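> Below are the sequence and a predicted model for it; my questions follow.
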Amino acid sequence: MRDYREEKWFSYLYYTENRSVNVERVERVEGITGRETLDYVLRTLSILDMIEVCGNSNVTAECFDIIRMVLEWSEVAKGGTARDRADWEKKEYSLDIHNIASAEIFLDDNPEIDNKISLDDRKLIYTLIRTHGMIGQCLRGEVPVAENASLLLLPEEIKIDKDILKNMLYILNECIIRGVSDELWDKVKPEACALIDRILIGDLREFPAEQRVKRLLPCLGEIPQELTEFFRDRLFPKYELWYFEAALSDFDGTQILGILTGLMDKIGGEDVRYISFKPLADSLYYDYEGKKHINIYKKRIIEKHLRDNRVENVSLTARKNGSAILVDLAFSKVCEKLIEFCVEAERSGLLTFEKSITVLYDMFGFRRDEFDRLNNEDKYLATMNASEESTKNTIIDHVVGQTVVDVGSGGGVLLDLLEEKYPGKTVIGTDISENVISVLNKKKQAEGHHWTVERHNFVDGPILVGGETGKVDSIIFSSIIHEIYSYTMTDEGRFNISVVEKALKNAFDSLAPGGRLIIRDGVRSFPADQQGIITVTFKEDSGLEFFKNYMRDFEGLRDIEDKKIVVNEAEKKVSACTDFIREFLYTYTWGQESYSHEVQEQFGYYTITEYREVLERLGAKVLRADAFLEPGYPEHLRPKVTLEPDIYPDSNCIIVAEKTV
């Protein structure tokens with residue numbers, strides 16, 4: 001196996017402190033070392049070796065050597081020591097447009113007096129480095145097809161056979177794209193090969209503007225006409241767009257248009273060809289629990305800046321570097337400190353800090369709405385999707401009729417299950433959070449779903465379908481009524497059972513005759529069991545601390561005056577009435593990272609009997625009313641605690657009620 005360590009390209013990529021990595025391609029931001037580029041190049045070379053070994057590519061060994069050199073040198077502009085990079089900048093190489101800079105560095109380090117490479121081969125390698133990755137960039141909508149014109153000229157300039165060049169480009173692009181992922185290459189291979197074919201026969205027609213915009217922003221869904229026209233008239237004719245999706249995919253069409261309009265004002269009459277959004281992409285992400293996340297605190301400030309068109313908190317920057325413009329957003333010192341505090345407060349998992357984040361963002365008007373959770377919303381929604389899927393599958397068996405409403409759709413798992421099981425039905429999701437609606441719409445577009453989502457709160461009234469109340473056949477409340485109970489603020493504060501009754505009545509009034517309410521949620525213990533005492537012994541010190549925090553922060557169970565709480569620190573034991581221990585245990589299961597949310601919720605609010613009574617008062621016929629213990633709870637808790645008596649209280653219930661008239 002070839003030893004690359006003495007070769008100059010390898011040295012540039014190995015001995016570098018430059019961290020030029022596309023954040024789209026990494027799992028963690030803080031783990032970026034700068035060696036990721038070298039790892040990528042070595043992957044592409046391994047792929048090339050495998051292709052060569054297979055021996056069915058119609059390409060000579062000499063052609064493989066040329067492709068190998070292209071792969072070795074195509075990323076060098078991302079590396080280099082500080083001194084190397086300073087020297088390259090003195091030569092006015094645009095290092096931010098790395099393929100062009102890498103081509104120039106290749107010529108510098110392989111002068112014409114080097115007899116190992118002929119002039120024709122040097123020209124071929126230079127051109128292939130300069131156009132390195134452009135097939136993929138065309139398919140993403142970032143660069144025009146015409147930027148590949150130099151490939152079309154090669155057969156005449158260096159007398160290379162077009163079929164040989166075509167096969168070399170197939171192999172080169174397979175290495176480049178498969179180096180990112182096998183799945184990506186399998187997905188784009190037909191289109192990539194077709195584009196190479198038409199370039200080499202002189203067909204440099206551009207993709208339509210609408211198609212390019214959709215490729216740039218695949219998660220945006222319906223592209224506003226005004227945005228398409230902006231790209232068509234002001235961007236595509238003049239500029240290549242680098243790292244566009246990485247930086248702007250989390251924004252909606254109106255926000256993107258606002259950013260681009262401001263950018264064009266900044267650029268003015270500057271003579272530039274390339275717009276790189278890499279600085280913005282790099283600044284928008286941070287690590288939470290070891291994984292890359294969008295910095296929602298920055299994003300909310302940016303959103304307000306775009307709504308109000310004011311620059312006291314954040315401003316767009318466009319730094320010129322040679323023929324490139326580097327785009328970023330600069331925050332005021334106050335906002336920088338606010339963002340820094342919120343990130344650290346989020347990581348602490350403490351309720352007091354969670355509340356501080358909300359208060360501060362409300363003070364500045366940065367939250368989208370009163371239901372905007374801000375921190376780690378994506379993890380919360382993903383957790384909702386993954387949790388207790390077995391019973392979610394069970395409840396949809398009770399669906400009747402044509403129109404199904406999923407209340408509080410969260411991460412969308414139930415919408416997907418309904419669509420899969422009932423492809424002919426009309427599936428509607430609802431939520432009260434603008435942020436959740438936005439995430440669900442992106443999911444719908446990205447995954448090609450047919451369900452729809454709308455903002456609605458059953459506490460406020462029945463749902464409207466087609467402009468009328470009623471005409472809904474099934475309404476599902478899956479793990480949402482306890483949130484209605486816990487978070488809805490009334491004149492008497494939170495945890496007011498009247499809001500549950502109001503939500504159920506409005507849902508019942510939305511049903512057509514024969515329609516069903518299907519409920520899966522927490523359940524309270526029967527009155528006789530509520531008087532019992534459960535003792536919990538913790539197997540780790542952190543559990544006792546968790547309980548003491550919970551004792552201080554939990555505001556639910558207001559109807560129980562004496563919760564009989566006793567703490568024995570010496571033996572790491574606590575005891576309390578069944579209802580309190582149940583609420584604690586099923587919060588403890590979720591762990592510290594979810595504590596600040598879960599401690600604000602009371603999971604059980606009705607017993608099975610009380611559920612029956614309230615639904616029968618509405619005129620419903622109760623078809624099913626079962627309480628049970630979700631098996632995941634003891635499974636997660638047993639390594640952490642022991643119970644006396646060793647009986648876990650029921651956690652959940654499934655209720656099915658029918659509107660008979």
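Looks like it arrived, so ask away.

> tell me the phi and psi of the nearest residue to K621 once chain neighbours are set aside?
Excluding its sequence neighbours, the residue lying closest to K621 (Cβ to Cβ, 6 or more residues apart in numbering) is E658, at 4.8 Å. In short, each C-beta sits where N, CA and C put it, glycine included. Reported as degrees, to the nearest 10, the phi and psi values for E658 are phi -110, psi 140.

> ok, E658 - contacts?
If you count contacts by Cβ atoms under 8 Å, 6 or more residues apart in numbering, E658 has them with G514, G515, R516, A620, K621, L623.

> list the buried ones in whichever strand or helix holds the fifth one?
When secondary structure is defined by DSSP states H and E, K621 falls within strand 620-628. Across strand 620-628, burial judged by 16 or more other Cβ atoms under 10 Å covers A620, V622, A625, A627.

> From the chain's centroid, how far away is the helix or strand encompassing I534?
For I534, the enclosing helix or strand under DSSP H and E is strand 533-538. From the chain centre to the centre of strand 533-538 is a distance of 39 Å (Cα atoms, centre = their mean, to the nearest Å).

> try stretch 611-624
Average the C-alpha atoms of stretch 611-624, do the same for its chain, and the two points are 40 Å apart (Cα atoms, centre = their mean).

> Output that stretch as CSV, restricted to C-alpha atoms.
These are the backbone C-alpha positions of stretch 611-624, laid out as CSV (Å, rounded to 0.1, in the frame of the first residue of the first chain):
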residue,chain,number,x,y,z
TYR,A,611,-62.6,9.8,32.7
ARG,A,612,-65.7,7.8,32.2
GLU,A,613,-67.8,10.3,34.1
VAL,A,614,-66.7,13.4,32.2
LEU,A,615,-67.2,11.7,28.8
GLU,A,616,-70.6,10.3,29.7
ARG,A,617,-71.7,13.8,30.8
LEU,A,618,-70.8,15.0,27.3
GLY,A,619,-73.2,12.3,25.9
ALA,A,620,-70.4,9.9,24.7
LYS,A,621,-70.6,6.2,24.9
VAL,A,622,-67.3,4.9,26.4
LEU,A,623,-66.2,1.9,24.3
ARG,A,624,-62.9,1.3,26.1
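
> Pull the residues that contact it.
Among residues not part of stretch 611-624, those counted as contacts by Cβ under 8 Å, 6+ apart are 398, 500-501, 504-505, 508, 516-517, 519, 523, 606, 625, 653-661.

> what do you get if the cut-off is 10 Å, keeping everything else the same?
If you take Cβ atoms under 10 Å, 6 or more residues apart in numbering as the criterion, stretch 611-624 is touched by 395, 398, 481, 497, 500-501, 504-505, 507-509, 511, 515-519, 521, 523-524, 605-608, 625, 627, 653-661.

> do stretch 286-293 as well
Contacting residues not belonging to stretch 286-293 are listed as 23-24, 26-32, 284-285, 294-298, 339, 343, 346-347, 375-379, 593 [Cβ under 10 Å, 6+ apart].

> what's the model's confidence in that stretch, averaged?
Across stretch 286-293, the average pLDDT comes to 81.

> again with stretch 70-90
Per-residue scores along stretch 70-90 average to 94.

> ditto for stretch 565-579
pLDDT averaged over stretch 565-579 gives 95.

> so how far is the first residue of that stretch from its last?
Length of stretch 565-579, first residue to last, Cα to Cα, to the nearest Å: 11 Å.

> how far is that stretch from where the chain is centred?
When C-alpha coordinates are averaged (Cα atoms, centre = their mean), stretch 565-579 and its chain have centres 40 Å apart.

> Next, the buried residues of it.
Within stretch 565-579, the residues that qualify as buried by neighbour count (16+ other Cβ under 10 Å) are K572, K573, V574, S575, A576, C577, T578, D579.

> Counting only strands, which of these make the cut?
Judged by DSSP state E, the subset of the buried residues of stretch 565-579 located in strands is K573, V574, S575, A576, C577.

> check contacts around the closest residue to the third one other than its chain neighbours.
Yep, that's S575 we're talking about. The shortest distance from S575 to any residue that is not its chain neighbour, by Cβ to Cβ, 6+ apart, is 4.2 Å, and that residue is T535. Residues near T535 by Cβ under 10 Å, 6+ apart: 566, 568, 571, 573-576, 581, 641-645.

> From the residues you listed, pick the one nearest K162.
Among these, V641 lies closest to K162 (Cβ to Cβ), at 71.9 Å.

> shouldn't the closest one be in contact with S542?
No: using Cβ atoms under 10 Å as the test, V641 is too far from S542 to be in contact (11.7 Å).

> The two: who's more crowded?
V641 (20 against 11; other Cβ atoms under 10 Å).

> tell me the contacts of that one?
When the contact criterion is Cβ under 10 Å, 6+ apart, the partners of V641 are 535-540, 543, 547, 572-574, 585, 588, 634.

> Narrow the contacts of stretch 611-624 to those that are buried.
Buried residues within the contacts of stretch 611-624, counting neighbours by 16+ other Cβ under 10 Å: 395, 398, 481, 500, 504-505, 507-509, 511, 515-519, 521, 523-524, 605-608, 625, 627, 653-659.

> could I get the buried residues of stretch 565-579 as TSV with distance to C138?
As requested, those are exported to TSV (distance: Cβ to Cβ, whole Å):
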residue	distance to C138
K572	63
K573	66
V574	63
S575	68
A576	65
C577	67
T578	65
D579	62
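
> could I get the contacts of E658 as TSV with pLDDT?
TSV is the format used below for the contacts of E658 (pLDDT from 0 to 100):
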residue	pLDDT
G514	94
G515	94
R516	96
A620	96
K621	96
L623	97
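
> and those residues as CSV, adding distance to S356?
Output for the contacts of E658, formatted as CSV (distance: Cβ to Cβ, whole Å):
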residue, distance to S356
G514, 49
G515, 44
R516, 43
A620, 43
K621, 48
L623, 46
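
> which of the residues you listed lies closest to G556?
A620 (26.5 Å).

> quick one: low-confidence ranges for the stretch 101-250 of the chain?
Counting by pLDDT under 70, the stretch 101-250 of the chain shows low-confidence ranges at 111-115.

> where along it do the helices fall?
Secondary structure of the stretch 101-250 of the chain by DSSP state H, counting those that start in this stretch: the helices cover 119-130, 134-139, 149-158, 162-178, 182-200, 209-216, 225-230, 244-248.

> Out of those, flag the one nearest Q402.
Smallest distance to Q402 across the helices of the stretch 101-250 of the chain (Cβ to Cβ): 31.9 Å, for helix 209-216.

> Who are the packing partners of that closest one?
Helix 209-216 is packed against helix 134-139, helix 225-230, helix 244-248, helix 253-267, with contacts defined by 3 or more Cβ pairs under 10 Å, 6 or more residues apart in numbering; DSSP states H and E.

> got a list of contacts for that helix?
If you take Cβ under 10 Å, 6+ apart as the criterion, helix 209-216 is touched by 138-144, 206-208, 220-225, 227-233, 235-237, 241, 244-245, 248-249, 253, 256.

> cutoff 8 Å now
Residues lying outside helix 209-216 but in contact with it, judged by Cβ under 8 Å, 6+ apart, are 139-142, 206-207, 220, 223, 227-229, 231-232, 236, 241, 244-245.

> just to revisit the earlier point, restricted to strands, list the contacts of stretch 611-624.
The subset of those that ends up in strands is 511, 515-519, 521, 625, 627, 653-659, with DSSP E as the criterion.
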